[in-house]
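Student: Dropping a prediction and its sequence here:
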Amino acid sequence: MKRNVKEIVSPIAVLTCICLVVTAMLAYINLVTSPIIKAADEKAAAEARAEVLSEADSFTLMDVKNLPEEVTEVYKASNGAGYVFMLSVKGYGGDMKLICGIKSDGSIEKSKTLSHSETSGLGSKTADEPYRSQYVGKTADTLDKVDAISGATISSTAYKKAIQSAFDAYAMVKEAK
């Protein structure tokens, strides 16, 4: 049962061609869709900033050194309405991405969960309105009045830690005006 060279090389050549064509198609699709995805992400981020700090007219990304670990970006409202903080913290199920708007008087206008991988029905409750609404109007001095979610202490503690980091960053950027 001898096989000749053609029987061995032919399937390899066909599979190689198929792989090259599929790779080229994926590269092209990525090239076409990547700017569209980036624009959609930027639009969603702009809408989220406007949602958590509604009095702001526009935002400027600030370049601030030595921010708390949980703070990934800081945006200043151009009209002085306050600041928006992009936050990332490790919850029970993985990273939680949050956004928090702090008005110029130092109180939270709104916070929102952008993404999370917390346990459904427990840790995921930090993304729901009954929990998030506790933060509205809170200041750095009254943050301890927020109640944790029963059965989801790690998730709610992580959320609170991220908000505390936003207040720490607020103190830094407010001084840096």
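Tutor: Received, thanks. Numbering: from 1, shown residues only.
Student: Name the helix or strand of this structure that has the lowest mean pLDDT.
Tutor: Scoring the helices and strands of the chain by mean pLDDT, DSSP states H and E places helix 129-132 at the bottom, with a mean of 76.
Student: now for that one, which elements pack on it?
Tutor: With contacts taken as 3 or more C-beta pairs under 8 Å, 6 or more residues apart in numbering; DSSP states H and E, helix 129-132 sits against strand 108-115. Backbone N, C-alpha and C define where each C-beta goes, glycine included.
Student: So which elements touch the longest helix out of those in the chain?
Tutor: Longest helix in the chain by number of residues (criterion: DSSP state H): helix 5-52. The contact analysis (3+ C-beta pairs under 8 Å, 6+ apart) places helix 5-52 against strand 95-103, strand 108-115.
Student: Tell me which helix or strand comes right after it.
Tutor: Moving toward the C-terminus from helix 5-52, the next helix or strand (DSSP states H and E) is strand 59-62.
Student: neighbouring strands for the helix or strand just after that next one, and are they parallel or not?
Tutor: Next in sequence after strand 59-62, counting helices and strands by DSSP H and E, comes strand 71-77. In the sheet, strand 71-77 lines up against strand 59-62 (antiparallel), strand 82-90 (antiparallel) (DSSP bridges).
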